[in-house]
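> One predicted model, sequence on top.
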Amino acid sequence: MLRRRRPLVRAAGVAATTAVVVGTAGAVSHHQQQKYAGQQAAAQQQQDLAYQQGVADAQAQQQQYAPPPAQYAPAPAPAPAPAAAGSDLTAQLQQLAQLHTAGVLSDEEFAAAKQKLLAG
């Protein structure tokens, strides 16, 4: 007489083996996903740092090539009090003209100071 093998026991063994294989595959897949996520996070962090460095470099370069702050001309010297002698008036007009040609006085300032001297 032949003995019959029990198909249920065999099926249970196959199912258990399959479950182990599937569980192992799932664990490996999960590990790989975590590994790839870590690599992607590291790559993103490097890109962020490179971007921030690029922004800082651009700002430094922009400041380097920015025009210097505008220098304001000093306030014009107050016009001296009118003198009694004509030679003093001539000297004062010459002094105003020198300040104007040196760039200390603008055209408007020169004209106003000259009018003040002549009127005064």
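That came through fine. Since this is a predicted model, take the numbers as computed values, not measurements. Numbers count the residues shown, from 1 in each chain.
> Quick check: next helix or strand after the top helix by length along the chain?
Longest helix of the chain, by residue count under DSSP state H: helix 7-65. Downstream of helix 7-65, the next assigned helix or strand under DSSP states H and E is helix 86-102.
> for the record, mean pLDDT for that next one?
Averaging pLDDT along helix 86-102 gives 86.
> Extract the CA atoms of that helix and return them as PDB.
Only the C-alpha atoms of helix 86-102 are listed here, as PDB (Å, rounded to 0.1, in the frame of the first residue of the first chain):
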ATOM      1  CA  GLY A  86      35.200 148.100  -4.800                       C
ATOM      2  CA  SER A  87      38.400 146.100  -4.700                       C
ATOM      3  CA  ASP A  88      36.900 143.900  -2.000                       C
ATOM      4  CA  LEU A  89      33.900 143.200  -4.100                       C
ATOM      5  CA  THR A  90      36.100 142.200  -7.000                       C
ATOM      6  CA  ALA A  91      38.100 139.900  -4.800                       C
ATOM      7  CA  GLN A  92      35.000 138.300  -3.500                       C
ATOM      8  CA  LEU A  93      33.600 137.800  -7.000                       C
ATOM      9  CA  GLN A  94      36.900 136.300  -8.100                       C
ATOM     10  CA  GLN A  95      36.800 134.000  -5.000                       C
ATOM     11  CA  LEU A  96      33.300 132.900  -6.000                       C
ATOM     12  CA  ALA A  97      34.400 132.300  -9.500                       C
ATOM     13  CA  GLN A  98      37.300 130.100  -8.300                       C
ATOM     14  CA  LEU A  99      34.900 128.100  -6.100                       C
ATOM     15  CA  HIS A 100      32.500 127.700  -9.100                       C
ATOM     16  CA  THR A 101      35.300 126.500 -11.500                       C
ATOM     17  CA  ALA A 102      36.600 124.100  -8.800                       C
END
